[in-house]
Each structure stands twice: as structure tokens, then as C-alpha cells.
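> Got a predicted model here, sequence first, then my questions.
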Amino acid sequence: MNDINPAPTGAESGIPAEERQWAMFAHLSALAGGLLTSAVGGWGFFIGPLVIWLMKKETMPFVADQAKEALNFNIMVTAIFVILLILTILSLGIGALLTVPVMLIVGIGALVFVIIAAIKANQGIAYRYPVNVRLIK
């Protein structure tokens, strides 16, 4: 039996279920945005969190915080992909030997972080991505 104080979950966190769900959607919407824009390069990772942040920032503080965190993270991921794409183009495709594996690593890492963030947000825990540039304050 583990008697260590567990992290608050559900109603214990004091955050209503609706807010926790919207916060979870803010993180998961990045994946949906990436899938929906995959035909044009998959640059839309930040669209879902941006829409949720704009819709809920005045009424749900936990959602606003988590959507802003997801937005900042996905802007950073999109910027990394754009920089890697530019490097590939500037090297006339030869740089793809380096940039494609880096893109795969960044993509898998982002996927893992987004899933962890969605789970934590649904538990009512404010998640902070370990690697994030907070452009939107």
C-alpha cells in the first residue's frame, strides 16, 4: 500500500469537470490540427489551442492557462519544423539526411508530451511542457 500523498485528481483538484475536459481538448487539438493540415505540410498544430484559448480565456482560467501552454509549445514545434524544412531546401535536399531524422525525433517527442499534458490536464493538474518557449504570456 502506497501512503505517499498522490497528486490530486478529478474533483480533488477543485477544477470542474468541464474545465478539465476543455483543458484536455486544448492539448489534444494540436494533434487534430496537425492531421487536418497534413495535406499542406502539417503546419496547423497551433490552430486548435489558439481557438480554444480565444474562446475560453475570459471564462475558464484553467483552460486559458493550459491552452496558452499548448499554444506556445505547438508554435515552437511548428517553428522547428519550418527551420528544418528551410535547411533541407537550402542544402538542395542533401540536408534531409540530417533533418528528416531530427523531424521524426521532434515529432515523436511532441506527441508524447501532448499526450502526457492531456492526461494531466484531465486530472486537473496544470502541466508545463519541459521544453517550451512562452511567447504568449
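Cool, got the structure. Model, not experiment: these values are computed from the prediction. Numbering: from 1, shown residues only.
> can you pull the contacts of the spatially most central residue of the chain?
Central residue check for the chain by Cα atoms, centre = their mean: the C-alpha nearest the mean position is that of residue 70, 3.8 Å away. Neighbouring residues of residue 70 by Cβ atoms under 8 Å, 6 or more residues apart in numbering: 26-27, 29-30, 48-49, 114, 117. For every residue, glycine as well, the C-beta is placed using N, CA and C.
> I'd like to know how far the closest residue to it other than its chain neighbours sits from residue 88.
Nearest-residue entry for residue 70: residue 49, 3.9 Å, with adjacent residues in sequence omitted and distances by Cβ to Cβ, 6 or more residues apart in numbering. For residue 49, the distance to residue 88 equals 26 Å [Cβ to Cβ, to the nearest Å].
> got it, and residue 61?
Distance of residue 61 to residue 88, given as Cβ to Cβ: 41 Å.
> so where do the strands sit in this structure?
With DSSP state E as the definition, the chain shows no strands.
> And the pLDDT for the residue nearest to the centre of the chain?
Note for residue 70: predicted pLDDT of 94.
> quick one, phi/psi of residue 135?
Note on residue 135: backbone dihedrals following degrees, to the nearest 10 are phi -80, psi -40.
> quick one, what contacts it?
Applying Cβ under 8 Å, 6+ apart to residue 135 gives the contacts 72, 75-76.
> What about those residues, which are in helices?
72, 75-76 (DSSP state H).
> out of those residues, which are buried?
Among the ones in helices among the contacts of residue 135, those that count as buried by neighbour count (16 or more other Cβ atoms under 10 Å) are 72, 75-76.
> Low-confidence stretches in the protein?
Scanning the chain for pLDDT under 70 picks out 1-13, 39-42.
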